[in-house]
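Student: whatever this is, show me its structure:
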Amino acid sequence: MADIFDVFYKELDSLSEKLFFDIEKLGTSLSSLSDTEIVALGRQIDLFAELQNKGFNTSFQKLMNGYDTQAEEVVNRYRSIFADKPELARLNIDAVANELQLLRDLDGEALLGSLASESKKLESSLFRGIIAGETSTQIGNRIKAQYGDRILTGDARMIARDAFSEFSRTSTFKVFDNVPEQRFRYVGSRDKANRPACRFILDNQKNKRGYTKAELRSIGKQMRKGELALPTFDTKKKVFVKKKQKAEFTLKRFGGHNCRHTIVAV
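Tutor: The predicted structure is shown next:
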């Protein structure tokens, strides 16, 4: 099942293709202008605004709705768990909801900033070529070699996706801040691509009933010290082999960049 970023990036790539097509046409038309006209037009062109005109705002809003849905699910999960135990529901859930809204807005602003920055780099690359006397073909080939048809490249995409994963984990832990006995199950893909840290937690039988936040933090500390025998996939034997090794595991990042796992309150 496609997640919200799969959908967002698919739509963004479609919009980017249209934008790059327009840039190619623009390069051809600008090459016939005088130096004065090129400068004047260069001050007016805004490729990020063009991306928005092509429908980016709609795609971005759907992504932000995904954040809202995630926060709502976490809050509703909290309420359902303590529906018959009001004496344990000690958290000001409205205040937490406002904090989650702040994180959501900041992540959105960061993503918009990345796109705006890449758009400016595109404008700079376009006009640098024109002013240097490159042909439209040369400009197009150079930009294509740098970007392909994607205005947002791999690293920026990973950062944005990681930000959402951290939002999901942070929000789940946050709503249960005042319930230290609450347990969480580690969920997600279980395959040969698993990192040693993630596989250890997935395989540990305690995962069936869940870990407390303190237990997960303690496990992470042990992993960073290399005190645990962690399973690593042996490509020759086609099995996971356990050995003591150091691994990075934190409550925000879990197994690291692009970690596919999350937690669910139980």
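
Student: tell me which residue lies nearest the centroid of this protein.
Tutor: Nearest to the mean C-alpha position of the chain, by Cα atoms, centre = their mean, lies Arg161 at 1.0 Å.

Student: nearest spatial neighbour of it, skipping sequence neighbours?
Tutor: The spatial neighbour of Arg161 that comes closest, neighbours along the chain excluded (Cβ to Cβ, 6 or more residues apart in numbering), is Phe5 at 4.9 Å. All C-beta spots, glycine's among them, are computed from the backbone N, C-alpha and C.

Student: likewise Phe254?
Tutor: Looking at Phe254 with Cβ to Cβ, 6+ apart, the closest residue is His261, at 5.5 Å.

Student: so the residue nearest to Arg161 makes contact with Ala160?
Tutor: Yes: because the distance of 7.0 Å satisfies Cβ atoms under 8 Å, Phe5 is recorded as touching Ala160.

Student: okay, and the common contacts of the two?
Tutor: Listed contacts common to Phe5 and Ala160 are nil; contacts here mean Cβ atoms under 8 Å, 6 or more residues apart in numbering.

Student: and Ser114, which of the three is it?
Tutor: When classified by DSSP: H, G, I helix; E, B strand; the rest coil, Ser114 comes out as helix.

Student: Ala229 versus the residue nearest to Phe254, what's the distance?
Tutor: Applying Cβ to Cβ, to the nearest Å, one obtains 20 Å for the distance of His261 from Ala229.

Student: what's the answer for Asn98, then?
Tutor: Taking Cβ to Cβ as the criterion, Asn98 is separated from Ala229 by 43 Å.

Student: the more surrounded of the two?
Tutor: Between Asn98 and Ala229, counting by other Cβ atoms under 10 Å, Ala229 is the more crowded of the two (13 against 10).

Student: residues contacting the residue nearest to Arg161?
Tutor: For Phe5, the set of contacting residues under the criterion of Cβ under 8 Å, 6+ apart consists of 63, 157, 160-161, 164.

Student: what's the closest of the residues you listed to Leu115?
Tutor: Taking Cβ to Cβ as the measure, Leu115 sits nearest to Ala160 out of the contacts of Phe5, at 9.7 Å.

Student: can you list the domains in the protein?
Tutor: 4-174, 180-265 (automatic domain parsing).

Student: redo the ones you listed as TSV? Include mean pLDDT.
Tutor: As requested, those are exported to TSV (pLDDT from 0 to 100):
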stretch	mean pLDDT
domain 4-174	84
domain 180-265	92
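
Student: Gly55: neighbouring residues, count only.
Tutor: Burial of Gly55, expressed as a neighbour count using other Cβ under 10 Å, amounts to 14.

Student: who touches it in this structure?
Tutor: Residues near Gly55 by Cβ under 8 Å, 6+ apart: 11, 15.

Student: swap in Glu99?
Tutor: With contacts taken as Cβ under 8 Å, 6+ apart, Glu99 has the following neighbours: Lys174.

Student: check which element follows the strand or helix carrying it along the chain.
Tutor: Using DSSP states H and E, Glu99 falls within helix 93-131. Read in the C-terminal direction, the helix or strand following helix 93-131 is helix 136-147, with elements assigned using DSSP H and E.

Student: ok, and what's touching that following helix?
Tutor: Outside helix 136-147, the residues within contact range by Cβ under 8 Å, 6+ apart are 20, 23-24, 27-28, 31, 122, 125-126, 129-130, 134, 153.

Student: tell me which stretches of this protein form strands.
Tutor: Using DSSP state E, the strands of the chain run over residues 183-187, 211-212, 229-234, 239-244, 262-265.

Student: residue contacts, the residue lying closest to Arg190 once chain neighbours are set aside?
Tutor: Taking Cβ to Cβ, 6+ apart as the measure, Arg190 lies nearest to Leu202, with 5.3 Å between them; neighbours along the chain are not counted. For Leu202, the set of contacting residues under the criterion of Cβ under 8 Å, 6+ apart consists of 186, 188, 190, 194, 261.
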